[in-house]
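1. model the structure of this input:
(one chain, ligands or ions: 1)
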Amino acid sequence: MDAAKAVHGNTDPAAFEPFTLRLRDGRDVLVREIAEGDKAGLLAAFNRLSADARYARFMAAMAQLPEAMLEQATHPSAEREFALVALATEGNAPGIVAGARYAAAPGSDTCEFAVTVSDDWHRLGLARRLLAVLVDVARRRGYRCMEGYVLSSNTAMRQLAHRLGFADVPCPDDATLRVVTLAL
Ligand SMILES: CC(C)(COP(=O)(O)OP(=O)(O)OC[C@H]1O[C@@H](n2cnc3c(N)ncnc32)[C@H](O)[C@@H]1OP(=O)(O)O)[C@@H](O)C(=O)NCCC(=O)NCCS
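-> Below is the predicted model of the structure:
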């Protein structure tokens, strides 16, 4: 199912319905909204991430995922946040293999995204699809702009943003960062 259909399947134009995504290597993942019960799965996924991937995602050396972040991640605000996980549906270790979310400040029409894919699920089109869904949902929920803060050295994320039509500009406050922005 494509991103637009995933959002349109419900009579509420801003709703999202879970869908199964076939990846480039033939494996399937289930894409659904994050749930309260995902804490353990999210922690396991974080613990499997390489140090480089953690740094790229959180822009800090993260040996552990603090409980407060885990709590916040699994309880997105219905008004201002939207969070997806992708779960492997087969094999001996089914679990979360990717996550993507956006969040907005109260009253803002700009939302900020973040996306992470487990290292051994890279380059299969997963982040591209998750980000496309985020863009679609954010647009339907009335946001006018999506942005992301990306390490200047993060070629993968910058290329992906470029492929999805984001502009890529220097971050005014930090030369090590870029800001990728998309008008919705
Ligand atoms: C960035 C990241 C999310 C990309 O995830 P992914 O699922 O591997 O990306 P996709 O397979 O959807 O790639 C889509 C496109 O992005 C670009 N891309 C992805 N990885 C790339 C890489 N390592 N080098 C160059 N381009 C890359 C390509 O254009 C790719 O299309 P193609 O495979 O048809 O050439 C992943 O590398 C990751 O989780 N990194 C660590 C966390 C992070 O940096 N998050 C971003 C901060 S918000």
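2. write out the residues of this structure neighbouring the ligand.
-> Residues of the chain found near the ligand (Cβ under 6 Å from any ligand atom) are 53, 56-57, 114-117, 122-128, 148, 150, 154-157, 159-160, 163. The C-beta positions use only the backbone N, C-alpha and C, and glycine is treated the same way.
3. in helices only, show me those.
-> 53, 56, 57, 126, 127, 128, 155, 156, 157, 159, 160, 163 (DSSP state H).
4. got any ranges where this protein has weak pLDDT?
-> Low-confidence segments of the chain (pLDDT under 70): 1-11, 13, 92-93.
5. so which strand or helix has the residue nearest to the spatial centre of it?
-> With distances taken as Cα atoms, centre = their mean, residue 100 lies nearest the centre of the chain, 1.4 Å away. Taking DSSP states H and E as the criterion, residue 100 maps to strand 96-104.
6. who are the packing partners of that strand?
-> Applying 3 or more Cβ pairs under 8 Å, 6 or more residues apart in numbering; DSSP states H and E, we find strand 96-104 packed against helix 39-48, strand 81-88, strand 110-117, helix 126-140.
7. which one, of these, ends up nearest to residue 31?
-> The closest of the helices and strands packed on strand 96-104 to residue 31 is strand 81-88. By Cβ to Cβ, the value is 5.0 Å.
8. redo the helices and strands packed on strand 96-104 as JSON lines? Include distance to residue 31 and mean neighbour count.
-> JSON lines is the format used below for these (distance: least, Cβ to Cβ, whole Å; neighbours: other Cβ atoms under 10 Å):
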{"stretch": "helix 39-48", "distance to residue 31": "14", "mean neighbour count": "17"}
{"stretch": "strand 81-88", "distance to residue 31": "5", "mean neighbour count": "22"}
{"stretch": "strand 110-117", "distance to residue 31": "12", "mean neighbour count": "21"}
{"stretch": "helix 126-140", "distance to residue 31": "7", "mean neighbour count": "21"}
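9. which among these is found nearest to residue 178?
-> Closest to residue 178 of the helices and strands packed on strand 96-104 is strand 110-117 (Cβ to Cβ; 13.5 Å).
10. before we move on, back to that, for the helices and strands packed on strand 96-104, give me JSON lines that also has distance to residue 24.
-> Listed next are those as JSON lines, based on distance: least, Cβ to Cβ, whole Å:
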{"stretch": "helix 39-48", "distance to residue 24": "20"}
{"stretch": "strand 81-88", "distance to residue 24": "14"}
{"stretch": "strand 110-117", "distance to residue 24": "12"}
{"stretch": "helix 126-140", "distance to residue 24": "9"}
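11. residue 153: neighbouring residues, count only.
-> For residue 153, the neighbour count with other Cβ atoms under 10 Å is 13.
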